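Novice: Build me a structure from this.
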Amino acid sequence: MTLDIDFIRAQFPAFSEPSLRNLAFFENAGGSYPCRHVTERLERFYRERKVQPYGSFDASRIGGEEMDEARRRLAEMLGVEADELSFGPSTTQNTYVLAQAFRQWLKPGDAIVVTNQDHEANVGSWRRLADSGIEIREWRIDADTGHLDPTDLAPLLDDAKLLCFPHCSNVVGEINDVSAITAMAHDAGAFVCVDGVSYAPHGFPDVGAMRPDIYLFSAYKTYGPHQGIMVIRRELGQLLPNQGHHFNGDVLYKRFTPAG
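Specialist: From the prediction side, this is the model:
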């Protein structure tokens, strides 16, 4: 397949901005310019629909419908149910909310496995659970190759409740086999949280096929607005304590977004 580079560039208003001429952008891991479809939809929403959604008048009704459409279409792309997908302010903040939910659910002495191949966002919030008596185990990379060897993971999963690892490491660039590692963790009785921030800009994660319990990435690194995307599969989402308003506790996609 040959990409039509001129067509692709034409979809991004930034590439016709004179002040940005002659620059090349290789920083998806830090953020990406949005495509025109995103900026046009946002501009229309802020101009025509920026009211309390789901009301009876047109602007409110259509605004709510467009919000639901965004969740539904993105969930279809990821291979999950629409209510298993939540929007938050950033992946880092989404992870902190999840860690707080696990803090309430886990008991002192329970174990979580993290890696030293990960971004701080998928490590720091989990390590802080040690303050509540949670055991933190580290799946370490090979010092020469940067590789995470599943053979080293097996003993760490003994009685572990959660495994956290990156789909693609922002440190060494290795793409981990999410399906195989997830199956290994599930066989050991552990849930799985995958940080997809560094992978999503360069591939389409089929979360449904890979089967992690949590998958996280950032819209603003995939040509969208500044949001964190969070998939929590139903079994785990209903098991963890609600972190949203008490009156939103029965709605899966609202349970881990503390907003009105």
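Novice: From now on I want contacts and neighbour counts done on CA atoms only, so please keep to that.
Specialist: Noted.
Novice: Can you tell me what sits against stretch 145-164?
Specialist: With Cα atoms under 8 Å, 6 or more residues apart in numbering as the test, stretch 145-164 has contacts from 110-115, 117, 122-123, 137-142, 172, 174, 176, 181, 184-185, 188-195.
Novice: Buried residues, that stretch. List them.
Specialist: Buried residues in stretch 145-164, counted by 16 or more other Cα atoms under 10 Å: Gly146, His147, Leu148, Leu153, Leu156, Leu157, Ala160, Lys161, Leu162, Leu163, Cys164.
Novice: remind me which residues of this protein are low pLDDT?
Specialist: 28, 260 (pLDDT under 70).
Novice: Quickly run through the sheet partners of the longest strand seen in the chain, with directions.
Specialist: Secondary structure of the chain read by DSSP state E shows that its longest strand is strand 160-166. According to DSSP bridges, strand 160-166 forms sheet pairs with strand 111-115 (parallel), strand 191-195 (parallel).
Novice: in the chain, which spans are strands?
Specialist: Remark: strands assigned in the chain by DSSP E are 85-88, 111-115, 135-139, 160-166, 191-195, 214-218, 228-232.
Novice: tell me the most buried of these?
Specialist: Across the strands of the chain, averaging neighbours per residue (mean count of other Cα atoms under 10 Å) puts strand 214-218 on top, at a mean of 26.
Novice: what about that strand, distance to the chain center?
Specialist: Distance, stretch centre to chain centre, for strand 214-218: 1 Å (Cα atoms, centre = their mean, to the nearest Å).
Novice: what sits against the closest residue to Asp83 other than its chain neighbours?
Specialist: Closest residue to Asp83 apart from its sequence neighbours, by Cα to Cα, 6 or more residues apart in numbering: Tyr253 at 5.0 Å. Each residue near Tyr253 by Cα under 8 Å, 6+ apart is listed here: Asp83, Glu84, Leu85, Ser86.
Novice: how near is Tyr253 to Thr222?
Specialist: Distance of Tyr253 to Thr222, computed by Cα to Cα, to the nearest Å: 21 Å.
Novice: what's the answer for Asp68, then?
Specialist: For Asp68 relative to Thr222 (Cα to Cα), the value is 20 Å.
Novice: isn't Pro258 right up against His246?
Specialist: No. Counting by Cα atoms under 8 Å, Pro258 stays clear of His246, with 9.9 Å between them.
Novice: which of those two has more neighbours?
Specialist: Pro258 (15 against 10; other Cα atoms under 10 Å).
Novice: Which one of the buried residues of stretch 145-164 is nearest to Ala200?
Specialist: Top of the list for closeness to Ala200, among those and by Cα to Cα, is Cys164 at 16.8 Å.
Novice: Helices along the stretch 1-150 of the chain, start to end?
Specialist: Applying DSSP state H, counting those that start in this stretch to the stretch 1-150 of the chain gives helices spanning 5-10, 36-44, 58-78, 91-105, 124-127, 150-153.
Novice: wait, which of the ones you listed is closest to Gly203?
Specialist: Taking these one by one with Cα to Cα, helix 58-78 is closest: 11.2 Å.
Novice: tell me which residues of that closest one are tucked away?
Specialist: So for helix 58-78, counting by 16+ other Cα under 10 Å, buried means Ala59, Ser60, Arg61, Ile62, Gly63, Gly64, Arg71, Arg72, Ala75, Leu78.
Novice: Now render those as JSON lines, adding distance to Ala130.
Specialist: Output for the buried residues of helix 58-78, formatted as JSON lines (distance: Cα to Cα, whole Å):
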{"residue": "Ala59", "distance to Ala130": "47"}
{"residue": "Ser60", "distance to Ala130": "45"}
{"residue": "Arg61", "distance to Ala130": "45"}
{"residue": "Ile62", "distance to Ala130": "45"}
{"residue": "Gly63", "distance to Ala130": "42"}
{"residue": "Gly64", "distance to Ala130": "40"}
{"residue": "Arg71", "distance to Ala130": "34"}
{"residue": "Arg72", "distance to Ala130": "37"}
{"residue": "Ala75", "distance to Ala130": "33"}
{"residue": "Leu78", "distance to Ala130": "32"}
